[in-house]
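> Just a sequence and a predicted model for now, questions to come.
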Amino acid sequence: MFENILENVHQESPLIHCITNYVTVNDVANAILACGASPIMADSIEEVEDITSICSATYINIGTLNERTVDSMIKAGKKANHMNHPVVLDPVGAGASRFRTDTLFKLLNEIDFTVIRGNISEIKTIYTRSGKTKGVDADVKDRIREDTLDDAILLAKGISSRLGSVIAITGPIDIVADENRAYVIYNGHPMMSRITGTGCMLTGLIAAFVAANRENITEAVAAAVTIMGLSGELGYRRMKENNEGTSSLRSYLIDEISKMDAGILKGGMKVEIR
Amino acid sequence: MFENILENVHQESPLIHCITNYVTVNDVANAILACGASPIMADSIEEVEDITSICSATYINIGTLNERTVDSMIKAGKKANHMNHPVVLDPVGAGASRFRTDTLFKLLNEIDFTVIRGNISEIKTIYTRSGKTKGVDADVKDRIREDTLDDAILLAKGISSRLGSVIAITGPIDIVADENRAYVIYNGHPMMSRITGTGCMLTGLIAAFVAANRENITEAVAAAVTIMGLSGELGYRRMKENNEGTSSLRSYLIDEISKMDAGILKGGMKVEIR
Amino acid sequence: MFENILENVHQESPLIHCITNYVTVNDVANAILACGASPIMADSIEEVEDITSICSATYINIGTLNERTVDSMIKAGKKANHMNHPVVLDPVGAGASRFRTDTLFKLLNEIDFTVIRGNISEIKTIYTRSGKTKGVDADVKDRIREDTLDDAILLAKGISSRLGSVIAITGPIDIVADENRAYVIYNGHPMMSRITGTGCMLTGLIAAFVAANRENITEAVAAAVTIMGLSGELGYRRMKENNEGTSSLRSYLIDEISKMDAGILKGGMKVEIR
């Protein structure tokens, strides 16, 4: 099934409006291009409505917030809601500062998000309205392992039910859930946490995948998460073969996204439905 | 002849003042360094005149415009005009929003540009004062092919005559024209459109090349466009040999710019004059 | 001794608050991750105090200054001083514009820096209160060579004594000095000046190294400078073996940081104490 999801992205090549942070913006653009879609980055309040209008989905990422861009995010998100375009949120570092947490809730109040993707600490911040993160990384105590998996699935389903958004929690094990069902994804490699931007890139892929698969949102998100994890595994393998390091892993990861096809995906995905 | 143009860049190593977007700024800096020149990125209104004064050329790119940087662009461009330094414009996404199109015409009114480089949709926006782009990419219907080449050359020469700028239109076939003559350049590879920043990097190279070749502006632009296309071809070949993907292509493209010399250039350039 | 310094970074994995430029920010984040630490980029005045509070060190870089971020730098730096966290400054391009030079002295007045790292022209600007740089690169006449080394050491010790900061001057030969002693470091490769961000990345490493080695600040800075230079040498060797160019060097440099261990460091470091 994920193969069709990917095929639709390749066929439709959706244009994605991104308001994102300046740390990983280049990687996000290249990841979106690698999966077969097309990005446009625009965050001026003067143009966000125009840009959202010509796009198929809107991607909002709070990684390097400032006063100026929060207003642009809200304007773009409202316009996308009005046009019935998918809107995807990456609440980077929510819980790390009051400004980030407050902005998260402002965005949640003003915009209906189709999907929200974060690490477990960021997603818990949505639940508890306060959070503990280690900067932009999940708190070690929060990380999903087999013994906490069921609780994390319940959390994801609960937030999904409350907000009406598909919830993706990524980490050593990934969860993608709507209120009824959850995909549990075992792809990925721990070394991915040694490069910046894997989360931001993934949320960009999610925006592209839901834009091209409007009838299958939850599955489209699960496909994007699986492809990111599998690309990381394959990239890691190549890095090791060449005796290289983390920067090469970053590059190979995007390479593998660009090379992903039905055969590779089918051969490598490790997904359960619960 | 292009070999001398390149040699002058290597010899003079001009310093280029860049006001550019935050998506591809790192690639632009590395591409300018790779060709033998030196970049400085500075967009604060407090310092753009000082920075322009110590540089040999000014590069303006509207890829991620905001209210703050437009004023800086105008201030820097006017200063460069006053000092008789070349000023190069990349009108990224002109036509995609009213703000971008309006800004483009504001810049054209206030600054004399030595060179303007864009895709066909962006350049048509200059001609028609309204445009259709697919985000930051050219509209598919607009793309230059053999049967539309003559029209595109006429367009480029016409705009050059009207504005007094050398016009570069890049795509599957590239055109560099002043009012009298046009270079048609067949280098490049379609895969280059799968990475972000090739246009922005190229415009950065153009700024470096005209800075070091003030007596031969049109030819300097044509040399930069040729070198970018040829570096893309060579980078693509290496990517394929190694069975890699788009991120490796990005890296090899810059590698090839850094390795370019008279022999490689002479052996690989595919250029006609019309 | 440097091996213990590195081991402490790996063990503690300190979180570093970075307010830096948008040109090299991605490389800085990846370099900090590569050395075993963790970065968080945040420059909004609304959150810099919160973010500094949860971090172990603060990194301030003036590469792409604007009116908005200068205030954030001061607020973050004061908070870090108040909490007794190390604060590290990279005065990129100081001397290239009055705004940069003025901002440098504003920062020096308001914040006690634990370490300042720059090229010789930037550091001389601190000394003379006016400077000559070639954009963001050192003026060729200033560059440290064997015959000017003693003068440069005196300069570094003098500034260290005046400001109470450890001073790192990097170039063909690197110097790390406090008021009493200087490390002279011969690692590195000239090709490193052909990629952007080596200085910014190094200052990021320095912040991580001092955060994890509070009792040995000068030595921690010297270890970071040595590891950066050695990683550049090793990256250059790999680039040459593969017949690649500057973008591959950039990637291999970060790879080598991520692979650095006691054995590699011991085998490759070229350091004298004077």
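Right, received. Where do you want to start?
> how near is whichever residue of the stretch 101-250 of chain A sits closest to chain B to A:Ala31?
Per C-beta to the nearest C-beta, the residue of the stretch 101-250 of chain A with the smallest distance to chain B is A:Arg250, at 7.5 Å. For every residue, glycine as well, the C-beta is placed using N, CA and C. Distance of A:Arg250 to A:Ala31, computed by C-beta to C-beta, to the nearest Å: 10 Å.
> ditto for A:Leu149
27 Å.
> Between these two, tell me which one has more neighbours.
Neighbour totals were compared for A:Leu149 and A:Ala31, and A:Ala31 leads with 30 against 15 (other C-beta atoms under 10 Å in any protein chain shown).
> Enumerate the residues of chain A near chain B.
Within chain A, the positions adjacent to chain B are A:15, A:22, A:25-26, A:29-30, A:33-34, A:38-47, A:50-51, A:54-55, A:68, A:250-259 by C-beta under 8 Å from any C-beta of the partner chain.
> out of these, who's near chain C?
A:Tyr22, A:Asn26, A:Arg250, A:Ser251.
> out of the residues you listed, which one sits closest to chain C?
So of these, ranked by how close each gets to chain C (C-beta to the nearest C-beta), first place is A:Tyr22, at 4.5 Å.
> count of residues packed around the closest one?
25.
> before we move on, what about A:Tyr59?
Neighbours of A:Tyr59 (other C-beta under 10 Å): 30.
> ok so it is a strand residue?
Yes - under DSSP: H, G, I helix; E, B strand; the rest coil, A:Tyr59 sits within a strand.
> okay, now the residue of the stretch 101-250 of chain A closest to chain B: neighbour count?
Using other C-beta under 10 Å, the number of residues around A:Arg250 comes to 28.
> Show me what the strand or helix carrying it is packed up against.
Secondary structure from DSSP states H and E places A:Arg250 in helix A:246-259. For helix A:246-259, the elements it packs on are helix A:25-34, helix A:198-211, helix A:217-241, helix B:246-259, helix C:25-34, helix C:246-259, judged by 3 or more C-beta pairs under 8 Å, 6 or more residues apart in numbering or on different chains; DSSP states H and E.
> Just send those helices back as JSON lines, with distance to B:Gly63 and mean pLDDT too.
Formatted as JSON lines, the helices and strands packed on helix A:246-259 follow (distance: least, C-beta to C-beta, whole Å; pLDDT from 0 to 100):
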{"stretch": "helix A:25-34", "distance to B:Gly63": "10", "mean pLDDT": "98"}
{"stretch": "helix A:198-211", "distance to B:Gly63": "17", "mean pLDDT": "98"}
{"stretch": "helix A:217-241", "distance to B:Gly63": "26", "mean pLDDT": "98"}
{"stretch": "helix B:246-259", "distance to B:Gly63": "17", "mean pLDDT": "98"}
{"stretch": "helix C:25-34", "distance to B:Gly63": "16", "mean pLDDT": "98"}
{"stretch": "helix C:246-259", "distance to B:Gly63": "20", "mean pLDDT": "98"}
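> low-scoring stretches of the stretch 51-200 of chain A, by residue?
A:130-135, A:140 (pLDDT under 70).
> Quick one: the strands in chain A, in order.
A:15-19, A:38-41, A:57-61, A:87-90, A:115-119, A:133-134, A:137-138, A:166-170, A:174-177, A:182-185, A:271-273 (DSSP state E).
> Which strands or helices does the fourth one pack on?
Using 3+ C-beta pairs under 8 Å, 6+ apart as the contact test, the elements touching strand A:87-90 are strand A:57-61, helix A:67-82, strand A:115-119, helix A:198-211.
> Neighbouring strands - and their directions - for the third one?
Paired neighbours of strand A:115-119 in the sheet (DSSP bridges): strand A:87-90 (parallel), strand A:166-170 (parallel).
> coming back round to it: I'd like the strands of chain A as TSV, with distance to C:Thr196 appended.
Listed next are those as TSV, based on distance: least, C-beta to C-beta, whole Å:
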stretch	distance to C:Thr196
strand A:15-19	23
strand A:38-41	20
strand A:57-61	24
strand A:87-90	27
strand A:115-119	30
strand A:133-134	29
strand A:137-138	27
strand A:166-170	31
strand A:174-177	34
strand A:182-185	37
strand A:271-273	40
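> who does A:Ser38 bridge with?
With DSSP bridges as the rule, A:Ser38 is bridged to A:Leu15.
> Give me the neighbour count for it.
21.
> Around chain C, which positions in chain A sit nearby?
So chain A meets chain C at A:21-24, A:26-27, A:63-67, A:93, A:96-100, A:134-137, A:194-197, A:244-248, A:250-251 (C-beta under 8 Å from any C-beta).
> if you set the cut-off to 6 Å instead, what comes out?
A:22-23, A:64-66, A:97-99, A:135-136, A:194, A:196, A:244-248 (C-beta under 6 Å from any C-beta of the partner chain).
> Can I get the buried ones among the residues you listed as something I can paste into PyMOL?
In PyMOL, a selection of the buried entries from those looks like this (16 or more other C-beta atoms under 10 Å in any protein chain shown):
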select buried, chain A and resi 22+23+64+65+66+97+99+135+136+194+196+244+245+246+247+248
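> Now the stretch 101-250 of chain A against chain C: closest residue?
A:Gly245 (3.0 Å).
> Okay, the residue lying closest to that residue once chain neighbours are set aside and C:Ser161: tell me how far apart.
Distances taken as C-beta to C-beta, 6 or more residues apart in numbering or on different chains place C:Asp255 nearest to A:Gly245, at 3.0 Å, with adjacent residues excluded. Using C-beta to C-beta, C:Asp255 is found at 38 Å from C:Ser161.
> ok, those two, which is more surrounded?
Neighbour tally, C:Asp255 and C:Ser161, criterion other C-beta under 10 Å: the higher count belongs to C:Asp255, 27 against 14.
> and the more buried one, what is it in contact with?
Counting by C-beta atoms under 6 Å, 6 or more residues apart in numbering or on different chains, C:Asp255 makes contact with A:Glu244, A:Gly245, A:Ser247, A:Ser248.
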